[in-house]
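*Asks:* A structural model of the following input is requested.
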Amino acid sequence: MNGSSSLRLYLDISALVGNWNVLNRITAGACGAAIKANGYGLGAQSVKTYLAQAGCRDFFVSSWDEVRRLGSLDSGLSLSVLHGLREEDLSYALSVNARPVLCSPSMIQRWKNYAADRPCDVMVDTGMNRLGLTMEQAASGLLEGLKIENMLSHLACADEPDHPLNQKQLIQFQILFTKKQAKRYSLANSAGLFLDSAYHFDLARPGLALYGGIPSPKAEGVIKPVVSLSAQVIQVKDVTKGDSIGYGACFTASEKMRVAILHIGYADGYWRAFFQKGQAVKEGVPCPVVGRISMDMITVALPEGLAVQEGDWFSVDFALQKAAEQTGLSQYELLTSLGDRYQSIWHHP
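*Replies:* All right, here's what the predicted structure looks like:
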């Protein structure tokens, strides 16, 4: 997106790197980074570059298409593809320096047939019932002959610290760990690494917390926000008492008021759920959203005395934890739905 955009996504390099450094200290130097979904919507290539400069060496994406978008992998970095290896991925996978995370017996056989001499990763399902081998398959001899770099599993309820499934999955993963079938073992995501050091093993793979999300109460005050949004004013207008604003006429002016229409909407990840809850800020003055959020626009009420004109910029309140509470959406959904109409500006505040 070029500099003429009416939307800006400000991305704090210091906060991104600082968050990784915090997580790396918590895990005693065993911290990777999930950069799938285009770096949780912020730009995977830039995220990888900044975190690699900070010392991160292990990165995770979901698909081989995401590997293609990242381009060449720098020497000394590791890239794992979480969704494994389809038949149609094989030719490309063999041409690049990235590892599949093998999730099923058919994937394992495919890798043995064509790349048995190359390292791979393996996913084992310890209780989430999503991707991965069963515990029985992992112990059956199926993995013999593989050069396994990382053995992975994934926690289902790490964002609920007292959920009994966390301990059950930990016990299962400890059983895998004692078998020493892989060089390294990885269980914890962002929420998991805040549970207890027992969940850290050899490598954590946080995502949300890197980007300013709060996956656990223990992360509050520790993890810093990375993302802030700004939108430009398209028009300023006066609304007469008794007139309605927006689709469905859901808001009626109780008195004469001035409003600004900003260039941001649900196509930009600013969801209709922010109706009567969201706000934009100019010169430190909060301006509540009035009327339904449109695809490309929101309307905000202007307090008396606040000078606003076409072309001015407002900060749009998008603090992840607060926004999740306001909308009922997860912090993951909020981040990854920001869309591609923003001008992304990476900066050191």
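
*Asks:* what is the burial count for His347?
*Replies:* Here the number of neighbours of His347 (other C-beta atoms under 10 Å) works out to 9. Where C-beta positions appear, they are placed from N, C-alpha and C, glycine not excepted.

*Asks:* please report how far it lies from Trp313.
*Replies:* His347 sits 15 Å away from Trp313, going by C-beta to C-beta, to the nearest Å.

*Asks:* got it, and Gly265?
*Replies:* On the measure of C-beta to C-beta, Gly265 and Trp313 end up 16 Å apart.

*Asks:* same question for Val124.
*Replies:* Val124 is 49 Å from Trp313, by C-beta to C-beta.

*Asks:* which one's more surrounded, those two?
*Replies:* Between Val124 and Trp313, Val124 has the larger neighbour count (other C-beta under 10 Å), namely 26 against 16.

*Asks:* buried set for stretch 324-333?
*Replies:* For stretch 324-333, the neighbour count (16 or more other C-beta atoms under 10 Å) marks 324, 326-327, 329, 331-332 as buried.

*Asks:* what does stretch 203-219 give?
*Replies:* Buried residues in stretch 203-219, defined by neighbour count with 16+ other C-beta under 10 Å: 203-216, 219.

*Asks:* Asp117 and Leu146 touch, don't they?
*Replies:* No. The criterion here is C-beta atoms under 8 Å, and Asp117 misses it with Leu146 at 10.3 Å.

*Asks:* contacts only, for Leu193.
*Replies:* Leu193 is in contact with 23, 26-27, 31, 199-200, 204, 206, 209, counting by C-beta atoms under 8 Å, 6 or more residues apart in numbering.

*Asks:* just send the residues you listed back as a markdown table, with distance to Trp271, pLDDT and secondary structure too.
*Replies:* Formatted as a markdown table, these follow (distance: C-beta to C-beta, whole Å; pLDDT from 0 to 100; DSSP: H, G, I helix; E, B strand; the rest coil):
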| residue | distance to Trp271 | pLDDT | secondary structure |
| --- | --- | --- | --- |
| Leu23 | 28 | 98 | helix |
| Ile26 | 32 | 98 | helix |
| Thr27 | 33 | 97 | coil |
| Cys31 | 31 | 98 | strand |
| Tyr199 | 32 | 98 | helix |
| His200 | 35 | 98 | coil |
| Ala204 | 30 | 98 | strand |
| Pro206 | 25 | 98 | coil |
| Ala209 | 22 | 98 | helix |
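
*Asks:* beyond the helix of greatest length in the chain, next helix or strand please.
*Replies:* Looking across the chain with DSSP state H, the single longest helix is helix 164-179. Using DSSP states H and E, the next helix or strand after helix 164-179 towards the C-terminus is strand 184-186.

*Asks:* what's the mean pLDDT across the helix or strand just after that following strand?
*Replies:* From strand 184-186 onward toward the C-terminus, using DSSP H and E, the following helix or strand is helix 190-193. Averaging pLDDT along helix 190-193 yields 98.

*Asks:* ok, then the element right after helix 190-193?
*Replies:* Using DSSP H and E, the helix or strand that follows helix 190-193 towards the C-terminus is strand 227-239.

*Asks:* report the mean per-residue pLDDT for the very next helix or strand once past that following strand.
*Replies:* Where DSSP H and E defines the elements, the next helix or strand beyond strand 227-239 is strand 244-245. The average of the pLDDT scores along strand 244-245 is 96.

*Asks:* and the helices in the stretch 51-200 of the chain?
*Replies:* Secondary structure of the stretch 51-200 of the chain (DSSP state H, counting those that start in this stretch): helices at 64-70, 90-93, 105-115, 135-138, 164-179, 190-193.

*Asks:* rewinding a little: what about Asp117 and Leu146, which has more around it?
*Replies:* Taking other C-beta under 10 Å, Asp117 and Leu146 do not tie; Leu146 has more neighbours (20 against 7).

*Asks:* which residue, neighbours along the chain excluded, lies closest to the more buried one?
*Replies:* Using C-beta to C-beta, 6 or more residues apart in numbering and skipping residues adjacent in sequence, the residue nearest Leu146 is Cys120, 6.0 Å away.
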